[in-house]
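Visitor: I'll drop the sequence and a predicted model, then ask my questions.
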Amino acid sequence: MLERWALLCSLWFGALLAAACATDIPTTPETQDMKTPIVFGRTVALVTGKTTRWYEPRVRVFELVNRKTHERFKVDVQSDDKVFVLQIPAGEYELSRVQISEGPFLSMADFSSTFEVGADQITYLGTWRFGVDTPRYGRMVVISTVHDQEDQAEAEREMLAKYPALEGQPVATVLPVPSKADSRLYEVMPYPRYPRYFRRHWW
């Protein structure tokens, strides 16, 4: 029990430290002056089984790390289904962490999926599906990255509607590798502003 608590504490403080060092970026910047390189895609979160919680899972944030410069980008999603459009420097990136929220409950998992962002182009990263286990000990989250033509067309329409200056620019499709991976999902404690009796899972 003490080892488990020490592991949760180290993960919690590690997440706080990483968050402090990461650059926060929105899923769709407000500026209209978007220039390449640009990446876009879609995140989807769903439960893979039955759940006793009232809240459906949502991708709260995900983090990208430039593997050469080690610069970190924290992308604020706050949705169970959302298109993201990011302006980040060219280079090799790693999807390093995802946070999943279910109402007041917050969990996180570490990943190591990599992809390349080319210079002077728009890169489509596919649909990232986060399949979240039902609440239990040893809970897992699975990310599967797929290239769906309809999803890509819809994401492109949303991107061009917000950033019409990008019309006609070449789009390269690059899916993260591996295309499917799973990771242990750890709940972050304590939940702020919620009393002890409302915290259902203490693992």
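Guide: Thanks, I have it. Because the structure is predicted, anything quoted here is derived from the model rather than measured.
Visitor: wait, a strand at E116?
Guide: Yes - the assignment for E116 by DSSP: H, G, I helix; E, B strand; the rest coil puts it in a strand.
Visitor: count the neighbours of the spatially closest residue to it that is not a sequence neighbour for me.
Guide: Using C-beta to C-beta, 6 or more residues apart in numbering and skipping the chain neighbours, the partner closest in space to E116 is E92 (5.4 Å). Just so you know, the C-beta spots here come from the backbone N, C-alpha and C atoms, and that holds for glycine as well. E92 has 12 neighbours, counted by other C-beta atoms under 10 Å.
Visitor: which element is E92 on?
Guide: In this assignment (DSSP states H and E), E92 forms part of strand 91-102.
Visitor: which helices and strands does that strand pack with?
Guide: helix 2-21, strand 58-66, strand 105-117, strand 122-132, strand 140-146 (3 or more C-beta pairs under 8 Å, 6 or more residues apart in numbering; DSSP states H and E).
Visitor: kindly recompute the last result at 7 Å.
Guide: Contacts defined by 3 or more C-beta pairs under 7 Å, 6 or more residues apart in numbering; DSSP states H and E place strand 91-102 against strand 58-66, strand 105-117, strand 122-132.
Visitor: show me which residues of the shortest one are buried.
Guide: In this case it means strand 58-66. Buried residues in strand 58-66, counted by 16 or more other C-beta atoms under 10 Å: 58-66.
Visitor: tell me the centre residue of the chain?
Guide: Geometric centre of the chain, nearest residue: F62, 2.9 Å, by C-alpha atoms, centre = their mean.
Visitor: looking at this, A161 is in a helix?
Guide: Yes - remark: A161 belongs to a helix, assigned using three-state DSSP.
Visitor: distance check, R97 against E158.
Guide: 25 Å (C-beta to C-beta, to the nearest Å).
Visitor: neighbour count: those two, which is higher?
Guide: R97 (23 against 17).
Visitor: so what's the more buried one up against?
Guide: Applying C-beta atoms under 7 Å, 6 or more residues apart in numbering, one finds that R97 lies in contact with 18, 62-63, 108, 110-111.
Visitor: cool, and Q152?
Guide: Applying C-beta under 7 Å, 6+ apart, we find Q152 in contact with Y124.
Visitor: wait, is it part of a helix?
Guide: Yes - according to three-state DSSP, the state of Q152 is that of a helix.
Visitor: and the gap between it and Q32?
Guide: Separation of Q152 from Q32 (C-beta to C-beta): 22 Å.
Visitor: same check on E116?
Guide: From E116 to Q32 the distance is 27 Å (C-beta to C-beta).
Visitor: so these two - more neighbours on which side?
Guide: Neighbours per residue, other C-beta under 10 Å: of E116 and Q32, the larger number sits with E116, 14 against 9.
Visitor: surely the more buried one is in contact with V174?
Guide: Yes - the pair E116 / V174 is scored as a contact, 5.9 Å apart, by C-beta atoms under 7 Å.
Visitor: do you know how far Y137 is from H70?
Guide: Distance from Y137 to H70, by C-beta to C-beta: 34 Å.
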